[in-house]
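A.B. asks: pasting the sequence and the predicted coordinates here, then a few questions.
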Amino acid sequence: MNKNPQIELNTDTYIAQFPQSVQDKLNALRKCIQQAAPEAFEKISYQMPTFDLHGNLVHFAAFQNHIGFYPGSSGVEAFTSKLTAYHTSKGAIQFPIQQDIPFDLVKDIVMYRVKENMEKHQQKLIQKKKK
């Protein structure tokens with residue numbers, strides 16, 4: 001990870017610290033997320049590239065043997081039947097580093113999370129108006 005405290009960690013510096021083959025996968029994943037959620041903005045959260053849209057949308061990170069994709073527990077639960085080929089946990093999906101990332105599936109999960117975050121945001125706005 002970011003071993004030089006002089007360098008501010010952002011998505012570009014995060015990705016740049018990995019070998020080119022991993023950078024290519026991370027950049028492709030980043031582009032897929034950007035296309036599925038063009039209104040979201042990038043930040044670093046939990047020391048991982050994160051997309052935010054009225055709250056954390058998804059995170060991703062590289063590890064030795066996999067690319068971690070973190071759409072939260074709802075994002076994993078909603079797509080359980082399509083994730084049987086991957087190791088998952090409550091809010092995480094592991095895409096093996098030696099395999100292609102299933103970008104169509106990632107796009108569907110991101111769009112699901114966008115809808116979810118927008119609905120939560122609308123509910124908060126309605127609650128504020130009631131006060």
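C.D. replies: Nice, thanks for sending it over.
A.B. asks: could you use CA atoms for every contact and neighbour count after this?
C.D. replies: Fine.
A.B. asks: what pairs with whichever helix or strand Thr88 is part of, parallel or antiparallel?
C.D. replies: According to DSSP states H and E, Thr88 maps onto strand 87-89. The pairing partners recorded for strand 87-89 under DSSP bridges are strand 92-96 (antiparallel).
A.B. asks: what helices and strands are in contact with the helix or strand following the partner strand?
C.D. replies: From strand 92-96 onward toward the C-terminus, using DSSP H and E, the following helix or strand is helix 103-130. Applying 3 or more CA pairs under 8 Å, 6 or more residues apart in numbering; DSSP states H and E, one finds that helix 103-130 contacts helix 20-36, strand 56-62, helix 72-77.
A.B. asks: what angle separates helix 103-130 from strand 56-62?
C.D. replies: For helix 103-130 against strand 56-62, the angle by axes from the mean of the first three to the mean of the last three CA atoms, to 10 degrees is 150 degrees.
A.B. asks: helix 103-130 to helix 20-36, inter-axis angle?
C.D. replies: Orientation of helix 103-130 against helix 20-36 (the same axes, to 10 degrees) gives an angle of 50 degrees.
A.B. asks: got the buried residues for helix 103-130?
C.D. replies: Neighbour counts using 16 or more other CA atoms under 10 Å place Val106, Lys107, Ile109, Val110, Met111, Tyr112, Arg113, Val114, Asn117 of helix 103-130 among the buried residues.
A.B. asks: let's have the residues you listed in TSV, adding pLDDT and distance to Leu26.
C.D. replies: Putting the buried residues of helix 103-130 into TSV (pLDDT from 0 to 100; distance: CA to CA, whole Å) gives the following:
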residue	pLDDT	distance to Leu26
Val106	98	13
Lys107	98	14
Ile109	98	17
Val110	98	15
Met111	98	19
Tyr112	98	21
Arg113	98	19
Val114	98	20
Asn117	96	23
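A.B. asks: list just the nearest of the residues you listed to Gly55.
C.D. replies: Comparing those against Gly55 with CA to CA places Asn117 closest, at 7.1 Å.
A.B. asks: that closest one touches Val58, doesn't it?
C.D. replies: No - using CA atoms under 8 Å, Asn117 is not in contact with Val58; the gap is 10.8 Å.
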